[in-house]
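[1] structure for the following, please:
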Amino acid sequence: MKAGVVSMIYAVVALRRMGYVRKGSVTICTVIEEECTGNGALASPLQSLVPESSKAGMKTAVIIPEPFPFIVTAQLGVLCFRASITGKPYHVLQTSAGSNAIEGAYALYSSLKVLEEKYNEPKCNAHPAFQGMEHPVNFNLGKIGGGNWASSVPSNCWFETRVGFFPGVEIEDAKRDVETTLHEAEIGLGLEISYRGFHAVVLCCYLNIWKEKEK
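    Sure thing, here's the model as predicted:
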């Protein structure tokens, strides 16, 4: 986002030169933890870095200079979770006697990819800000680990996934979808689900920009 910070500064300079920053105030606010928690953005209004509109007819607006090729007026919700799988160890000479936790992890993630496609179906894409986008919701398998060495059936494995969901979907509903999907996979292994990292509710301030753009 270094390019975004530079863009913010020069955008304000340009607005001043054009005479558009006279009746209100403009604050350039840079924050930390953009990708992991969002705590920096949450702290900004608490520390009065984002001014509130007090005058009649004045409104507060925020522009985030993400490098997209289009104007974004709504944001997906995000949650991150860890799935821990417990299998049964055995020597490689008789792998069928064990339960491979790593293979179980891939089976679980395959079931999540089905949920991802369901989220992207047209009937699920109800929010107008994302209509026309081919695949707006993405799940990402970001970290994985497990096993001890190549000659034993691995008895443990874990993976961490980032899950996106549309505005209008409550975070508890998204968590329930994830948990139901994983448990219904029925891999026959131990499974524990925990939530960590980014855990953000949906931000939505949709403006009728797409329709105006079409005109």
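[2] how far away is residue 76 from residue 171?
    Applying Cβ to Cβ, to the nearest Å, the value for residue 76 to residue 171 is 11 Å. Bear in mind the C-beta positions are built from the backbone N, C-alpha and C, glycine included.
[3] what is the burial count for residue 96?
    When counting by other Cβ atoms under 10 Å, one arrives at 8 neighbours for residue 96.
[4] try residue 119
    22.
[5] ramachandran angles for it?
    phi -60, psi -30 (degrees, to the nearest 10).
[6] relative to residue 104, how far out is it?
    Separation of residue 119 from residue 104 (Cβ to Cβ): 23 Å.
[7] helix/strand/coil for residue 7?
    For residue 7, the assignment made with DSSP: H, G, I helix; E, B strand; the rest coil gives helix.
[8] quick one on the thing from earlier: ok, residue 76 and residue 171, which is more surrounded?
    Under the neighbour definition other Cβ under 10 Å, residue 76 and residue 171 were set side by side, and residue 76 has more, 22 against 17.
[9] look at the closest residue to the more buried one other than its chain neighbours and report its pLDDT.
    Excluding the flanking residues, the one nearest residue 76 by Cβ to Cβ, 6 or more residues apart in numbering is residue 164, at 4.4 Å. According to the prediction, residue 164 has pLDDT 92.
[10] burial measure for residue 164, as a count.
    Neighbours of residue 164 (other Cβ under 10 Å): 19.
[11] check the secondary structure at it for me.
    strand.
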